[in-house]
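[1] My questions concern the predicted model and sequence given below.
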Amino acid sequence: MAARTLYRINLTDQEQSELERLERGQTTEQHIAKRA
């Protein structure tokens, strides 16, 4: 977790928002897979 935070500091705002969007999408897919 700490390493991820340090990594994000080096990203631009746009890159960070895109990364968060990808992570949110992956999390949603994982939840759907668990329910199925």
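    Everything's here; your move.
[2] tell me which element the spatially most central residue of the chain is part of?
    Taking C-alpha atoms, centre = their mean as the criterion, residue 23 is the residue nearest the geometric centre of the chain, at 2.5 Å. Using DSSP states H and E, residue 23 falls within helix 13-35.
[3] Give the rounded mean pLDDT of that helix.
    For helix 13-35, the mean per-residue pLDDT is 83.
[4] For that helix, C-alpha coordinates in PDB please.
    Only the C-alpha atoms of helix 13-35 are listed here, as PDB (Å, rounded to 0.1, in the frame of the first residue of the first chain):
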ATOM      1  CA  ASP A  13      -3.100  14.000 -12.300                       C
ATOM      2  CA  GLN A  14      -4.400  12.600 -15.600                       C
ATOM      3  CA  GLU A  15      -2.400   9.400 -15.200                       C
ATOM      4  CA  GLN A  16      -3.500   9.000 -11.600                       C
ATOM      5  CA  SER A  17      -7.200   9.400 -12.500                       C
ATOM      6  CA  GLU A  18      -6.800   6.800 -15.300                       C
ATOM      7  CA  LEU A  19      -5.100   4.400 -13.000                       C
ATOM      8  CA  GLU A  20      -7.800   4.800 -10.400                       C
ATOM      9  CA  ARG A  21     -10.400   4.300 -13.100                       C
ATOM     10  CA  LEU A  22      -8.700   1.000 -14.100                       C
ATOM     11  CA  GLU A  23      -8.500  -0.100 -10.500                       C
ATOM     12  CA  ARG A  24     -12.200   0.600  -9.900                       C
ATOM     13  CA  GLY A  25     -13.100  -1.300 -13.100                       C
ATOM     14  CA  GLN A  26     -11.000  -4.300 -12.000                       C
ATOM     15  CA  THR A  27     -12.600  -4.200  -8.500                       C
ATOM     16  CA  THR A  28     -16.100  -4.200 -10.000                       C
ATOM     17  CA  GLU A  29     -15.200  -7.100 -12.200                       C
ATOM     18  CA  GLN A  30     -13.900  -9.100  -9.200                       C
ATOM     19  CA  HIS A  31     -17.200  -8.400  -7.300                       C
ATOM     20  CA  ILE A  32     -19.300  -9.500 -10.200                       C
ATOM     21  CA  ALA A  33     -17.200 -12.700 -10.500                       C
ATOM     22  CA  LYS A  34     -17.600 -13.500  -6.800                       C
ATOM     23  CA  ARG A  35     -21.400 -13.100  -7.100                       C
END
